[in-house]
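J.: Provide a 3D model corresponding to the input given below.
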Amino acid sequence: MQAAGCGACSDRPDGQLPEKIGQMLMIGFRGLEVEENSPVIQDIREGRIGGVIVFDYDVELRSPLRCVESPEQLKKLIRDLQAASDDTLLVAVDQEGGRVARLKERHGFSQTVSQAWLGEQDEIKLTIGYSSQTAATLRDVGINVNLAPVVDLNVNPDNPVIGGLERSFSPDPLTVTRHAAEIILSHRAHNVLTALKHFPGHGSSANDTHLGFTDVTETWSPEELVPYIELIQSPGADMIMTAHVFNSNLDPVWPATLSRKTLNDLLRVEIGYEGVIISDDMQMGAIRQEYDLKTALERTILAGTDIIIFGNNLVYEEGIAKKAQEIILGLVKDGKIPASRIQESYDRIKALKKKLGT
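T.: Next comes the predicted model:
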């Protein structure tokens with residue numbers, strides 16, 4: 001009788017449910033500074049988000065002014081964002097190096113190099129040096145999450161979003177693993193979290209998931225899992241980011257970000273990963289063009305995603321945090337998502353934030 005009652009309680013929505021859902025949302029925003037009435041500040045104060053993601057270029061507006069102007073400006077912006085939060089806000093950026101770097105020389109930051117260049121040199125001391133510099137820079141301005149390293153294998157050098165942008169260390173999984181491990185360790189030394197990406201592997205694709213449906217069924221191989229298998233054992237992974245790729249060998253229905261077979265059965269059960277799973281941007285074409293928001297949210301949460309990113313850059317939806325929170329709350333109340341599933345993500349996120357000393 002007692003066990004049955006506890007089980008019922010575990011899936012009964014509680015008063016903290018909106019806040020717990022809010023912790024699962026990471027949102028992009030506009031502005032070099034924030035004020036009391038800024039939408040992102042309201043989202044933070046109302047418990048609608050647990051993290052933000054910073055961009056230097058506004059894709060929708062085609063504007064070089066977004067959130068980054070100088071180190072001093074960015075530091076104040078992040079300080080003001082953190083001041084609005086009751087706990088530590090996750091502040092994320094894609095600072096991989098080379099062509100994917102939001103903190104650029106034109107903003108007064110140090111020069112970076114691509115992962116492909118580091119892989120070609122294959123000198124660990126170089127990787128340690130550049131990654132330590134990056135981590136120190138991020139920590140100095142208050143960014144506590146680097147959405148890096150990329151551990152996709154350079155299977156297709158002409159891949160428009162991985163190989164073509166020099167984001168992969170190498171086609172060799174052990175080379176990728178060796179260099180990625182040093183990036184993780186360098187960031188940990190500066191108390192900056194990292195995220196391995198893009199699970200289960202985006203390096204063999206011929207298309208860009210930013211633009212639309214991307215099928216890797218005929219090009220993907222299990223070898224692309226090797227860096228994840230090795231890295232979660234040593235030195236361990238703070239987060240793993242999903243890919244929006246479709247692979248019918250892993251799931252004949254859903255792309256990885258929405259696939260329980262991929263995220264739960266493969267990553268969590270088979271590989272043994274217990275940490276935070278973070279989605280790639282849910283506003284990318286591979287998701288946005290194929291699925292309505294309610295379906296995408298329901299499927300990614302049931303699949304095992306803990307933190308859901310809405311970059312608000314490819315498209316800008318000012319109220320997306322409130323909208324997503326309300327949809328998820330409705331899915332829980334309707335019994336489509338167990339409240340216990342939200343609690344799992346909340347617990348993982350709080351444990352992740354404890355790594356930052358909160």
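J.: Do a quick rundown of the helices in this structure.
T.: All helices of the chain, identified by DSSP state H, fall at 2-10, 17-23, 39-45, 71-83, 115-121, 124-141, 173-189, 226-233, 260, 285-288, 293-303, 320-333, 339-354.
J.: Reformat those helices as TSV; add distance to Phe55 and mean pLDDT.
T.: Where C-beta positions appear, they are placed from N, C-alpha and C, glycine not excepted. Converted to TSV, those look like this (distance: least, Cβ to Cβ, whole Å; pLDDT from 0 to 100):
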stretch	distance to Phe55	mean pLDDT
helix 2-10	38	39
helix 17-23	21	98
helix 39-45	13	98
helix 71-83	12	98
helix 115-121	19	98
helix 124-141	14	98
helix 173-189	20	98
helix 226-233	26	98
helix 260	30	98
helix 285-288	17	96
helix 293-303	21	98
helix 320-333	15	98
helix 339-354	22	98
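J.: For Ser279, find the nearest of those.
T.: helix 293-303 (5.8 Å; Cβ to Cβ).
J.: buried set for the closest one?
T.: Neighbour-count burial for helix 293-303 flags Leu293, Ala296, Leu297, Glu298, Arg299, Thr300, Ile301, Leu302, Ala303 (criterion: 16 or more other Cβ atoms under 10 Å).
J.: Pull the residues that contact that helix.
T.: 24, 242, 254, 257-260, 262-264, 279, 282, 287-288, 291, 308, 323-324, 327-328, 331, 336-337, 341-342, 345 (Cβ atoms under 8 Å, 6 or more residues apart in numbering).
J.: Mind doing that once more with 7 Å?
T.: The contact list for helix 293-303 (Cβ atoms under 7 Å, 6 or more residues apart in numbering) reads 254, 257-260, 263-264, 279, 282, 287, 308, 324, 327-328, 331, 336-337, 341.
J.: Phi first, then psi, for the closest residue to Pro227 other than its chain neighbours.
T.: Leaving aside its sequence neighbours, Pro227 sits nearest to Val151 (Cβ to Cβ, 6 or more residues apart in numbering; 3.9 Å). Per-residue torsions, Val151: phi -120, psi 20 (degrees, to the nearest 10).
J.: Quick check: pLDDT value at Val151.
T.: For Val151, the model assigns a pLDDT of 98.
J.: Return the residues in contact with it.
T.: Listed by Cβ under 7 Å, 6+ apart, the contact set of Val151 reads Val176, Ala180, Leu196, Lys197, Pro227, Tyr228.
J.: What subset of those is buried?
T.: Val176, Ala180, Leu196, Lys197, Pro227, Tyr228.
J.: Taking those residues together, which two end up most distant?
T.: Val176 and Lys197 (11.8 Å).
J.: roughly how far is stretch 109-116 from the heart of the chain?
T.: 20 Å (Cα atoms, centre = their mean, to the nearest Å).
J.: and if you look at stretch 87-104?
T.: Offset of stretch 87-104 from its chain centre (Cα atoms, centre = their mean): 11 Å.
J.: From start to finish, how long is it in a straight line?
T.: Stretch 87-104 has an end-to-end distance of 29 Å (criterion: Cα to Cα, to the nearest Å).
J.: now do stretch 244-263
T.: 12 Å.
J.: ditto for stretch 261-277
T.: End-to-end distance of stretch 261-277: 14 Å, with Cα to Cα as the criterion.
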